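Colleague: show me how the following folds:
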Amino acid sequence: MSAIPKPRPGRPPARHDPAAEAETAAARGRIGERFRALRRRLGLTQESFAAVYGIPLASIRQYEIGRHMPPPAVRAYLAVIEAEPDMTARVVAAGLEDP
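Modeller: Now for the predicted structure:
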């Protein structure tokens, strides 16, 4: 028998909303497609994209399959890479070389 989670104090119990879950899954999928399309446009493997842009490989894999939604900062970084991939790669490389 599975335990029913107790609501946290001061919060209403969570409600199952299939429509909201579907929208969230669709949003994760769209972000994953953006990552994959950008990576392919740049001719990079997941491993090389991770190395060039300083994003953990495991995170890229999870984003691309739509398992996890990247946090807002990573979504903003994705937009920067999409707009200026070469400059972003140079800035990241320079930042990694500095002590």
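Colleague: mind checking pLDDT for residue 64?
Modeller: Predicted confidence (pLDDT) for residue 64: 95.
Colleague: do residue 32 as well
Modeller: pLDDT recorded at residue 32 is 94.
Colleague: for it, give its distance to residue 67.
Modeller: Distance of residue 32 to residue 67, given as CB to CB, to the nearest Å: 8 Å. No exception for glycine: its C-beta is placed from N, CA and C like everyone else's.
Colleague: neighbour count winner among these two?
Modeller: Per other CB atoms under 10 Å, whichever of residue 32 and residue 67 has more neighbours is residue 32, with 21 against 12.
Colleague: is it true that that one touches residue 66?
Modeller: Yes: here residue 32 reaches residue 66: they are 4.4 Å apart, a contact under CB atoms under 8 Å.
Colleague: now the longest helix along the chain: buried residues?
Modeller: Selection of the longest helix in the chain by residue count, based on DSSP state H, yields helix 18-41. Buried residues in helix 18-41, defined by neighbour count with 16 or more other CB atoms under 10 Å: 28, 31, 32, 34, 35, 36, 38, 39.
Colleague: could you do stretch 55-69 as well?
Modeller: By neighbour count with 16+ other CB under 10 Å, stretch 55-69 contains the buried residues 55, 60, 61, 62, 63, 64, 66, 68, 69.
Colleague: now for those: which two are most distant?
Modeller: Using CB to CB, the buried residues of stretch 55-69 span at most 16.1 Å, a distance reached by 55 and 66.
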